[in-house]
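1. Make a model of this:
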Amino acid sequence: MDITILLTYGFLLVSVISIWFRYKLFNKIPLWLFFIILSFICALSFERASVVSLVYTTTLGFATYYYYQKRSILLFFLVLLLAIPLMLHIEILGFDNYKYVDAIVLSPSSSSYSLYFNLDKTAIGIFIVAFSYKALKVNTLFILKQIGISLAIMALLFFVLATVLGYSKFEPKLPYFTPIWILVNLFFTCLAEEAIFRRFIQQRIYDALPSKYALTVSLLVASLAFGLAHYNGGILYIILASIAGVFYGYIYHKTKRIESSMLLHMLFNLTHLLLFTYPSLV
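-> Numbers count the residues shown, from 1 in each chain. Below you'll find the model as predicted:
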């Protein structure tokens, strides 16, 4: 991995982590903003992004900021519409995301797998989490207990469903890139997906509905949207992802913290990687 990649995505990683540190440079500039700017400067310099990428992502940033200031339904849909092309890595936006692992086969019966460092998708998560951040008291033991219970249920359910549906099977392994995978999955992938589907979509629906229906409807809509976002994996993947989304959404609601759903999401993905056919059977 050369210095251009280390600088671009290293600054991006620090930007994500800095969201939880409220220190500001010169009492004005949040640390996360400073580091994502550095990441984009590197991306532009090393041709990992274009001027179109910068303008488009900046527009999303401003739209997200004003949404959390005004909570307008029009701004909600504007942020959603701007986020979708970044989530889908639309080429016209000019991002050239780094491919760390290129089409490798992790076990004899698995389909090929590639691992990308996604600047475009991660930016969505940074903006949503940073602009909606609220300092809350952390009950660490409660959160870890909820994550542990949810993960155990999900692993068992996934093993049964994936085996019955022919999507995956028990195939333990330890890929050489696992440490990098954990960092990228937690701070890039899970940050972005939990931000858009839980903190943004689920929370908005929950806040807009009467309490009697809020949790059920918000969970179902956000989970189905999460499943549909994984359409590239086929109908079985959409079904499994939607079910997983219910667990992520519930723990987000239960703990009131995006960190909980991010951690559960990563740990479940890690369980899939280490113990089952990954990403799926051929």
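
2. ranges for the strands of the stretch 101-250 of the chain?
-> Listed in chain order, the strands of the stretch 101-250 of the chain (DSSP state E, counting those that start in this stretch) span 113-117.

3. Helices of that one, start to end?
-> Remark: helices assigned in the stretch 101-250 of the chain by DSSP state H, counting those that start in this stretch are 119-132, 140-165, 178-184, 191-194, 203-208, 211-228, 235-255.

4. mind exporting the third one as CSV, just the C-alpha atoms?
-> Extracted as CSV, the C-alpha positions of helix 178-184 are listed here (Å, rounded to 0.1, in the frame of the first residue of the first chain):
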residue,chain,number,x,y,z
THR,A,178,-8.7,-9.5,8.4
PRO,A,179,-7.3,-6.6,10.5
ILE,A,180,-7.6,-4.2,7.6
TRP,A,181,-11.0,-5.6,6.9
ILE,A,182,-12.2,-4.9,10.4
LEU,A,183,-11.0,-1.2,10.2
VAL,A,184,-12.6,-0.6,6.8
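
5. Quick check: buried residues in that helix?
-> Under the neighbour-count criterion of 16 or more other CB atoms under 10 Å, helix 178-184 has Trp181, Val184 buried. (Glycine included, C-beta is placed from N, CA and C.)

6. In terms of secondary structure, what does it contact?
-> Contacts defined by 3 or more CB pairs under 8 Å, 6 or more residues apart in numbering; DSSP states H and E place helix 178-184 against strand 113-117, helix 258-275.

7. which outside residues touch it?
-> Leu13, Tyr100, Leu115, Phe117, Pro175, Met266, Leu270, Leu273, Leu274 (CB atoms under 8 Å, 6 or more residues apart in numbering).

8. Switch those over to JSON lines; also include distance to Arg257, neighbour count and pLDDT.
-> Converted to JSON lines, the contacts of helix 178-184 look like this (distance: CB to CB, whole Å; neighbours: other CB atoms under 10 Å; pLDDT from 0 to 100):
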{"residue": "Leu13", "distance to Arg257": "20", "neighbour count": "19", "pLDDT": "98"}
{"residue": "Tyr100", "distance to Arg257": "29", "neighbour count": "16", "pLDDT": "97"}
{"residue": "Leu115", "distance to Arg257": "27", "neighbour count": "18", "pLDDT": "98"}
{"residue": "Phe117", "distance to Arg257": "25", "neighbour count": "22", "pLDDT": "98"}
{"residue": "Pro175", "distance to Arg257": "29", "neighbour count": "17", "pLDDT": "97"}
{"residue": "Met266", "distance to Arg257": "14", "neighbour count": "21", "pLDDT": "98"}
{"residue": "Leu270", "distance to Arg257": "20", "neighbour count": "16", "pLDDT": "98"}
{"residue": "Leu273", "distance to Arg257": "24", "neighbour count": "21", "pLDDT": "97"}
{"residue": "Leu274", "distance to Arg257": "25", "neighbour count": "15", "pLDDT": "97"}
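
9. Would you mind checking which of those is nearest to Leu78?
-> For these, the closest approach to Leu78 (CB to CB) belongs to Phe117, at 27.1 Å.

10. The closest one pairs with what?
-> Tyr98 (DSSP bridges).

11. Is Ser110 in contact with Val282, as I believe?
-> Yes - using CB atoms under 8 Å, Ser110 is in contact with Val282, at 6.7 Å.

12. which of the two has more neighbours?
-> Using other CB atoms under 10 Å, the more surrounded residue of Ser110 and Val282 is Ser110, with 20 against 9.

13. Who are the contact partners of that one?
-> By CB under 8 Å, 6+ apart, Ser110 lies in contact with Glu171, Thr277, Tyr278, Pro279, Ser280, Leu281, Val282.

14. change it to 10 Å
-> With contact set as CB atoms under 10 Å, 6 or more residues apart in numbering, Ser110 has these partners: Ile104, Ser168, Lys169, Glu171, Lys173, Phe276, Thr277, Tyr278, Pro279, Ser280, Leu281, Val282.
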